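Enquirer: only geometry, no sequence info:
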């Protein structure tokens with residue numbers, strides 16, 4: 001069944017592509033826009049977050065061949081079939097046909113697909129006008145929205161996934177739906193799945209499904225946009241003398257990071273291409289911040305060596321404060 005907003009939403013325009021665009025062009029444009037408007041790249045920008053949701057929903061419709069055809073058929077029918085019926089006070093004095101009055105056009109789309117997409121028979125119009133007249137006694141209302149929650153692993157949230165969710169309704173058998181989770185969602189993200197809520201009690205469109213996303217934190221990694229973050233503990237000798245240190249990667253492997261001699265605590269190194277691959281684009285980077293760990297307990301020999309070091313390395317890092325020697 002077509003969604004309520006199909007009548008006035010041009011999803012091709014939302015994604016910035018032509019109606020006849022290929023699947024590859026649609027996917028490419030979506031990736032570019034999703035990265036531009038992603039909440040992680042626009043922290044606190046409500047307008048960007050709303051745009052991200054619009055782009056994601058447009059892609060949901062146009063990336064599925066069956067749904068895209070239904071959307072195209074519906075839009076074409078409105079433009080060629082109902083456009084001439086006129087509105088209140090318009091040329092021809094026709095009645096305004098509201099989207100709510102169209103009901104379930106799934107059968108129309110099915111027959112349209114079988115006959116080349118141009119089915120407008122008397123029985124179809126009769127059904128529509130009959131529904132319009134009957135609706136005068138009470139406007140059809142949208143079904144209630146439903147809410148549910150979903151927990152994602154860190155990597156699922158970073159790279160995106162598709163989950164099958166089982167919903168239950170009073171007096172009805174459990175129904176399963178597939179929900180596509182866009183790449184890069186953060187903890188607390190609200191995902192709206194149109195048309196998957198409760199049915200309308202009087203012939204209107206169904207409500208939506210609101211999915212609250214929670215992301216299980218990773219034990220090692222954090223995230224900054226499409227980059228991974230990692231705090232890497234190093235010893236004082238490694239910081240002072242330099243060292244080659246192995247760093248874990250998200251896929252379970254390791255990569256070697258060269259720590260230059262004299263590295264200070266808090267220094268961040270960028271390892272190219274070891275991020276999460278947000279939205280299917282080229283993988284982001286890994287941002288590794290070093291933390292110089294000072295030992296809490298020293299052996300007798302270690303203490304002796306450090307005292308010797310202090311004697312041959314007398315400069316102080318507090319010299320710029322004017323407290324040298326104190």
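Expert: Received, thanks. Quick caveat, the model's predicted, so the values are computed rather than measured.
Enquirer: any regions of this protein where pLDDT drops low?
Expert: For the chain, the stretches flagged by pLDDT under 70 are 1-4, 81-138, 169-173, 277-282, 323-326.
Enquirer: hey, where'd the strands end up in it?
Expert: 146-152, 161-167, 175-181, 190-193, 209-215, 222-224, 227-235, 243-248, 254-259, 268-271, 286-293 (DSSP state E).
Enquirer: between those strands, which gets nearest to residue 305?
Expert: For residue 305, the closest of those is strand 227-235, at 13.6 Å, according to Cβ to Cβ. For the C-beta atoms, the positions are set from N, CA and C on the backbone; glycine is no exception.
Enquirer: could you spell out the sheet neighbours of the closest one, each with its direction?
Expert: Next to strand 227-235 in the sheet, as set by DSSP bridges, lie strand 222-224 (antiparallel), strand 286-293 (parallel).
Enquirer: what comes up buried for the longest one?
Expert: This means strand 286-293. For strand 286-293, a neighbour-count test (16 or more other Cβ atoms under 10 Å) marks 286-288, 290, 292 as buried.
Enquirer: ditto for the first one
Expert: Of the residues in strand 222-224, those buried by neighbour count under the rule 16+ other Cβ under 10 Å are residue 223.
Enquirer: residues touching the residue nearest the centre of the chain, list them.
Expert: For the chain, the residue sitting closest to the mean C-alpha position, by Cα atoms, centre = their mean, is residue 182 at 3.3 Å. Contact analysis of residue 182 by Cβ atoms under 8 Å, 6 or more residues apart in numbering lists 34, 56, 160, 191, 279.
Enquirer: helices or strands next to the longest helix anywhere in the chain in the packing?
Expert: If you go by DSSP state H, the chain has its longest helix at helix 46-62. For helix 46-62, the elements it packs on are helix 11-15, helix 23-37, helix 65-77, judged by 3 or more Cβ pairs under 8 Å, 6 or more residues apart in numbering; DSSP states H and E.
Enquirer: and residue 248, how many residues sit next to it?
Expert: By other Cβ atoms under 10 Å, the residues close to residue 248 number 15.
Enquirer: so what's it closest to, chain neighbours aside?
Expert: residue 254 (5.7 Å; Cβ to Cβ, 6 or more residues apart in numbering).
Enquirer: any idea how far residue 68 is from residue 254?
Expert: Separation of residue 68 from residue 254 (Cβ to Cβ, to the nearest Å): 43 Å.
Enquirer: who has more neighbours out of the two?
Expert: It is residue 68, of residue 68 and residue 254, that has more neighbours when counted by other Cβ under 10 Å, with 16 against 11.
Enquirer: now do the same contact list for that one.
Expert: Residues near residue 68 by Cβ under 8 Å, 6+ apart: 61-62.
Enquirer: swap in residue 9?
Expert: Contacts of residue 9 (Cβ under 8 Å, 6+ apart): residue 58.
Enquirer: can you tell me how far residue 69 is from residue 186?
Expert: 33 Å.
Enquirer: please apply the same query to residue 227.
Expert: In terms of Cβ to Cβ, residue 227 sits 14 Å off from residue 186.
Enquirer: of those two, who's got more company?
Expert: residue 227 (19 against 15).
Enquirer: can you pull the contacts of the residue nearest to residue 181 when sequence neighbours are not counted?
Expert: Closest residue in space to residue 181, ignoring its immediate chain neighbours: residue 161 at 5.1 Å, by Cβ to Cβ, 6+ apart. Residues near residue 161 by Cβ under 8 Å, 6+ apart: 152, 180-181.
Enquirer: okay, the strands paired with strand 227-235 in a markdown table with distance to residue 26 next?
Expert: Shown next, in a markdown table, are those (distance: least, Cβ to Cβ, whole Å):
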| stretch | distance to residue 26 |
| --- | --- |
| strand 222-224 | 27 |
| strand 286-293 | 30 |
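Enquirer: give me the neighbour count for residue 189.
Expert: With other Cβ under 10 Å as criterion, residue 189 counts 21.
Enquirer: check residue 156 too.
Expert: Neighbours of residue 156 (other Cβ under 10 Å): 19.
Enquirer: which residues does it contact?
Expert: Counting by Cβ under 8 Å, 6+ apart, residue 156 touches residue 181.
Enquirer: state the distance from it to residue 210.
Expert: Residue 156 sits 19 Å away from residue 210, going by Cβ to Cβ.
Enquirer: before we move on, what about residue 319?
Expert: 60 Å.
Enquirer: same question for residue 261.
Expert: Distance, residue 261 to residue 210, by Cβ to Cβ: 54 Å.
Enquirer: so between those two, which is more surrounded?
Expert: Ranked by neighbour count (other Cβ under 10 Å), residue 261 and residue 210 place residue 210 first, with 16 against 10.
Enquirer: contacts only, for that one.
Expert: So residue 210 contacts 145-148, 190-193 (Cβ under 8 Å, 6+ apart).
Enquirer: right, I'll leave it there.
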